[in-house]
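S.K.: any chance you can model this:
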Amino acid sequence: MKQNEDGQKIRAIVVDDESLARKGLIMRLEQFPQIEVVGSCRNGKEALAAVAEFMPDLMFLDIQMPGMTGFEVVEQLQQDNMPMIVFVTAYDAFAVDAFTANAIDYLLKPIEDDRLRQAVEKAMLQVQSKHSAVEKQRLLDIVIGLTGKSEMAINQLLRSGDEKSPWSDRLAIKDGSSTTFVPVKDIDWVDAAGDYMCVHVQGQTHIMRTTMKELEAQLDPNIFQRVHRSTIVNLQRVEKVSSHINGEFHLTLSGGSSLKMSRSYKDKVKHFF
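M.R.: Model prediction:
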């Protein structure tokens, strides 16, 4: 079973009024390195408090409990901190109601190993799907913020990707008597060093004698944007935008590099914070 793309575990809580059932399920969940049990609850009241405290991604929730049923717990949860729900019960008569309550799975006691594995895999797929959707929208927002284009315009450009592009797909970088052809898509960022441009490509730096303006004219502005008077970044490499007390911003790239964003670009990203 694959790990989360970002390496983070799925935080889970187990809710059951039977002590042995709680301990048994927690012990069985230890076989899944993707799951981290952060809370154990005896009833619905404790479950609501645990959700508020731990903000879990996943809740294994017994349906029949004294005082408050599992369904009533779900009804009282707020949508903005609603974890994925896997209902657990000894009676299959609740199956239809469980899925009506938007549970991702429904486990019958005694829980079979294969069914528990399936439930964990469903949770993994849901987390990965949500992560992908959020990541795609976040990067789209960055492109919109830096280019000033609308979301519709950006999507149209993406859909027309098969059309001939007017932008260079390779940079010819001369070094003495030899020339290195660098695929533009592999460029992480470019910064100026006097009369030269330092082109950073997958951990290597190529020196190119040209001006920032001339180089910028060769790069697709929907992918490459100037974030400082001496820095151009590949927007597809940006993973994080951080603000600082002094009003500056830092971009964290997928390879771990951190670039400073000039204050003059603040208006382009302020809607992220």
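S.K.: residues near the closest residue to residue 168 other than its chain neighbours, how many?
M.R.: Leaving aside its sequence neighbours, residue 168 sits nearest to residue 218 (CB to CB, 6 or more residues apart in numbering; 4.5 Å). C-beta here means a position set from N, CA and C on the backbone, and glycine is covered the same way. Look at residue 218: counted by other CB atoms under 10 Å, it has 14 neighbours.
S.K.: next: the one 10 residues further on.
M.R.: Using other CB under 10 Å as the criterion, residue 228 is surrounded by 19 other residues.
S.K.: who touches it in this structure?
M.R.: Going by CB atoms under 8 Å, 6 or more residues apart in numbering, residue 228 touches 191, 259-262, 265.
S.K.: tell me how far the residue nearest to residue 168 lies from residue 170.
M.R.: Using CB to CB, to the nearest Å, we find residue 218 at a distance of 10 Å from residue 170.
S.K.: now the common contact residues for those two.
M.R.: By CB under 8 Å, 6+ apart, residue 218 and residue 170 have these common neighbours: residue 184.
S.K.: flag the shaky bits of the stretch 151-273 of the chain, pLDDT-wise.
M.R.: Counting by pLDDT under 70, the stretch 151-273 of the chain shows low-confidence ranges at 151-166, 244-247, 264-273.
S.K.: all strands of it, in order?
M.R.: Secondary structure of the stretch 151-273 of the chain, counting by DSSP state E, counting those that start in this stretch: strands at 170-175, 178-183, 187-193, 196-201, 204-209, 224-228, 231-234, 238-243, 249-253, 258-261.
S.K.: wait, which of those strands is closest to residue 71?
M.R.: Within those, the stretch nearest residue 71 is strand 238-243; the backing value is 39.0 Å (CB to CB).
S.K.: so can I have TSV of the contacts of residue 228 showing neighbour count?
M.R.: Formatted as TSV, the contacts of residue 228 follow (neighbours: other CB atoms under 10 Å):
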residue	neighbour count
191	17
259	20
260	14
261	23
262	14
265	18
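S.K.: how far away is the residue lying closest to residue 249 once chain neighbours are set aside from residue 255?
M.R.: Nearest residue to residue 249, sequence neighbours excluded (CB to CB, 6+ apart): residue 261, at 3.9 Å. Residue 261 is 17 Å from residue 255, where distance means CB to CB.
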